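> here you go, sequence then predicted model.
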Amino acid sequence: MKAKIALITGGYTEESEISFRSSDFVYSQLDHERYEVYTIVIAPEDWYYTANNGQRHSIDKHDFSLQLGRDDSSKIFFDLVFVMVHGSPGEDGRIQGYLDMMGVPYTSCDPLTASLTMNKAYTKSILQGIPDLYLANSVLLFD
């Protein structure tokens, strides 16, 4: 039996286009003989999977599952989520926090690490001063 992978892409920011390109590449590199890969688009209006016939199926956010047919036997639960969402809600830890609550394993860092490192200037200010940790000098400019 193949493992079921949800490859999530899109997002809530203008970085969603980068997400789509990244997930297309990842999709092309995954071993489809070993994995059933479902590309799930995360968008402000809906989270969904588009089947080969063009039909859109919404993700059930109560348990992060996908219903492809009318009966319960066609409900898909994922073995792993491959996170390819640039910007929010992927890089800021929101998706990871949600997946943790649902008990679904995922690829990427945990919610706390994602939220702390989303803002690069803030991350550098936290890390500055740690002995033997070398950071590049930088300047943050505002309008």
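Received it, and whenever you're ready, just let me know what you need. Numbering: from 1, shown residues only.
> skipping its backbone neighbours, what lies nearest the residue most central in space within the chain in space?
Residue closest to the average C-alpha location in the chain (C-alpha atoms, centre = their mean): Val83, at 2.8 Å. Counting by C-beta to C-beta, 6 or more residues apart in numbering, Val83 lies nearest to Ser108, which is 4.4 Å off, once chain neighbours are set aside. C-betas here are computed from N, CA, C, even on glycine.
> quick one: residues in contact with the lengthiest helix in the chain.
Longest helix in the chain by number of residues (criterion: DSSP state H): helix 16-29. Residues outside helix 16-29 that contact it (C-beta atoms under 8 Å, 6 or more residues apart in numbering) are 7-11, 37, 39, 43, 82, 84-87, 90.
> give me the buried subset of those residues.
7-11, 37, 39, 82, 84-87, 90 (16 or more other C-beta atoms under 10 Å).
> pull the most distant pair out of the residues you listed.
Spatially, the most separated pair among the buried ones among the contacts of helix 16-29 is Val37 and Gly87, at 22.2 Å (C-beta to C-beta).
> could you dump the buried ones among the contacts of helix 16-29 to TSV with distance to Met118 and secondary structure?
Formatted as TSV, the buried ones among the contacts of helix 16-29 follow (distance: C-beta to C-beta, whole Å; DSSP: H, G, I helix; E, B strand; the rest coil):
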residue	distance to Met118	secondary structure
Leu7	21	strand
Ile8	17	strand
Thr9	18	strand
Gly10	17	strand
Gly11	12	coil
Val37	27	strand
Thr39	24	strand
Phe82	19	strand
Met84	16	coil
Val85	12	coil
His86	11	coil
Gly87	9	coil
Gly90	10	coil
